[in-house]
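Trainee: Dropping a prediction and its sequence here:
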Amino acid sequence: MANKVYIVLLTYNGSLDTVECLESVLKLNYGNYQIIVVDNSETLEAFENLTNWARGNFIIKDASFENLVFPLEHKPVHFCITSEDGFLDSELNEKIIFVKANNNNGFAAGNNIALKYISKFGSKEDYIWLLNNDTVVEKNALSEIVLRIKESENENYKLIFGTPLLEYYNPTIIQSIGGIYNKKTGMTSHFGEGKTIEGCDYKFEESNNTIDYPLGASMLIGISFLKEIGLLNEGYFLFYEELDWTYRAKAIGGGISIINYFGVYHKQGNSTKTKKKERKSEFIDLLSLKNRIVFAQKFNKKNINLVCLSILTLTVGKRVLQGNFKIIPKIIQLIIKK
């Protein structure tokens with residue numbers, strides 16, 4: 001029998017995106033997978049939309065990737081509903097498990113709800129695919145991904161596997177092959193962003209040397225990795241969790257491998273000019289800067305002063321040009337508190 005794959009979808013007030021993703025995931029031609037949907041929403045409305053979809057009472061009417069989403073799956077699907085508190089009580093065998101989180105404690109905490117369950121009930125041969133809820137996937141995606149993991153000469157229990165992400169709204173364009181970390185500034189960037197699939201000459205077998213981390217929208221680990229490296233670090237809330245996980249793996253001789261497969265389409269990122277022009281919310285802005293410092297203090301101590309200097313110059317300078325003066329004292333406070 002094929003290795004079991006737990007597919008973890010974390011959702012926050014995004015039931016339409018999640019339903020579209022689920023419709024595509026349920027069409028995977030891989031024979032042995034189970035889906036865990038963790039809902040981080042503060043209200044019950046989004047969660048009820050998902051469970052109503054599973055019953056056949058909430059229907060998606062259109063999608064950009066009609067061939068991956070339609071025809072819609074027969075309802076009701078094989079599913080169950082549980083709470084975060086009751087999730088670890090017993091093993092669940094339904095095709096889809098819907099879990100309502102007690103609180104929204106961020107990306108890592110939401111995914112960790114599922115990871116704790118998988119660590120308890122999964123076997124050492126199983127895989128885990130952390131997949132963003134705002135993606136759709138090709139029907140052969142999981143079969144191809146697992147095949148490439150098994151064929152990889154670098155396969156071991158200390159590796160995180162990532163896949164390239166393609167732009168949902170422009171699917172011939174690469175959104176990211178993986179993440180790059182600049183040790184001098186502490187900033188991250190997407191390798192391969194904006195290139196076409198045909199124009200991609202990236203040597204995937206060298207990913208452990210050229211890519212610093214996989215994008216959290218699509219990354220895979222074995223359960224042995226989870227037991228060895230541990231859960232995602234919940235201290236970040238959002239941003240830098242994948243990088244932290246990768247650096248912890250590298251510390252014990254592991255690392256990253258990007259799988260040469262283009263079949264995951266992601267809605268977020270710089271998909272449109274409108275999104276490029278949007279200003280970050282103050283919460284997101286300050287959180288990303290805070291985590292830049294936190295990560296550097298943990299893994300990049302020798303460059304921490306350079307990281308802080310880049311924030312005081314480059315980041316503050318950009319906020320001045322944006323006319324966002326009120327956030328500047330708060331950024332300076334982050335530096336003072338470090």
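Mentor: Good, I have the coordinates.
Trainee: so where is this structure shaky, pLDDT-wise?
Mentor: 153-156, 269-279 (pLDDT under 70).
Trainee: Outline the domain layout of it.
Mentor: 5-271, 279-337 (automatic domain parsing).
Trainee: tell me the most buried of those?
Mentor: Burial of the domains of the chain is given as mean neighbour count (mean count of other Cβ atoms under 10 Å); domain 5-271 ranks first at a mean of 19. Just so you know, the C-beta spots here come from the backbone N, C-alpha and C atoms, and that holds for glycine as well.
Trainee: roughly how far out does that domain sit from the chain middle?
Mentor: Distance of domain 5-271 from the chain centroid (Cα atoms, centre = their mean, to the nearest Å) equals 5 Å.
Trainee: what ranges do the strands span in the stretch 1-150 of the chain?
Mentor: 5-11, 33-39, 79-83, 96-100, 127-132, 135-137 (DSSP state E, counting those that start in this stretch).
Trainee: Compare those strands and report which one is nearest to Leu238.
Mentor: Of all the strands of the stretch 1-150 of the chain, strand 5-11 sits nearest to Leu238, with 11.0 Å by Cβ to Cβ.
Trainee: one step back: between the strands of the stretch 1-150 of the chain, which one is nearest to Ser224?
Mentor: Nearest of these to Ser224, taken as Cβ to Cβ: strand 127-132 at 10.0 Å.
Trainee: Who does that closest one pair with, and is each partner parallel or antiparallel?
Mentor: strand 5-11 (parallel), strand 218-222 (antiparallel) (DSSP bridges).
Trainee: Does the helix or strand just after the last one pack against any helices or strands, and if so which?
Mentor: With elements assigned by DSSP states H and E, the helix or strand that comes after strand 218-222 is helix 223-229. Applying 3 or more Cβ pairs under 8 Å, 6 or more residues apart in numbering; DSSP states H and E, we find helix 223-229 packed against helix 107-121, strand 127-132, helix 241-250.
Trainee: which outside residues touch the first one?
Mentor: The list of residues contacting helix 107-121 from outside it, by Cβ atoms under 8 Å, 6 or more residues apart in numbering, reads 6, 8, 10, 12, 36, 38, 40, 84, 87-88, 91, 99, 101, 104, 126, 128, 130, 216, 223, 226-227, 231-238, 241.
Trainee: In contact with the residue nearest to Ala2 when sequence neighbours are not counted, which residues?
Mentor: Counting by Cβ to Cβ, 6 or more residues apart in numbering, Asn32 is the residue found nearest to Ala2 once chain neighbours are left out, at 4.5 Å. Neighbour list for Asn32: 1-5 [criterion: Cβ under 8 Å, 6+ apart].
Trainee: packing partners for the top helix by length along the chain?
Mentor: Assignment by DSSP state H gives helix 282-299 as the longest helix of the chain. If contacts are counted by 3+ Cβ pairs under 8 Å, 6+ apart, helix 282-299 sits against helix 241-250, helix 304-310, helix 328-337.
Trainee: can you do 10 Å?
Mentor: strand 178-181, strand 188-191, helix 241-250, helix 304-310, helix 328-337 (3 or more Cβ pairs under 10 Å, 6 or more residues apart in numbering; DSSP states H and E).
Trainee: So which of these is nearest Thr51?
Mentor: Nearest to Thr51 among these is helix 241-250 (27.5 Å), distances taken as Cβ to Cβ.
Trainee: After the closest one, which helix or strand is next?
Mentor: Going down the chain from helix 241-250, the next helix or strand is strand 255-258, by DSSP H and E.
Trainee: Given the helix or strand following that next one, what are its sheet partners and their directions?
Mentor: Scanning forward in sequence from strand 255-258 by DSSP H and E, the next helix or strand is strand 264-266. Applying DSSP bridges, strand 264-266 is found paired with strand 135-137 (antiparallel), strand 165-167 (parallel).
Trainee: Run through who's touching the last one.
Mentor: When you say that, I think you mean strand 165-167. For strand 165-167, the external contacting residues (Cβ atoms under 10 Å, 6 or more residues apart in numbering) are 132, 135, 138, 172-178, 190, 192-194, 197, 214-215, 217-218, 262-272.
Trainee: and if you look at the first one?
Mentor: Outside strand 135-137, the residues that touch it by Cβ under 10 Å, 6+ apart are 7, 9, 17, 20-25, 27-28, 63-65, 68-69, 129, 131, 141, 145, 163, 165-166, 168, 171, 217-218, 263-268.
Trainee: at 7 Å what do you get?
Mentor: 20-21, 24-25, 28, 65, 68-69, 217-218, 263-266 (Cβ atoms under 7 Å, 6 or more residues apart in numbering).
Trainee: How about stretch 7-17?
Mentor: 18, 21, 25, 33, 35-41, 46, 49-50, 60, 104, 107, 110-111, 114, 128-131, 133-134, 267.
Trainee: Let's have the strands of the stretch 1-150 of the chain in JSON lines, adding distance to Phe299.
Mentor: Converted to JSON lines, the strands of the stretch 1-150 of the chain look like this (distance: least, Cβ to Cβ, whole Å):
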{"stretch": "strand 5-11", "distance to Phe299": "24"}
{"stretch": "strand 33-39", "distance to Phe299": "27"}
{"stretch": "strand 79-83", "distance to Phe299": "35"}
{"stretch": "strand 96-100", "distance to Phe299": "31"}
{"stretch": "strand 127-132", "distance to Phe299": "21"}
{"stretch": "strand 135-137", "distance to Phe299": "28"}
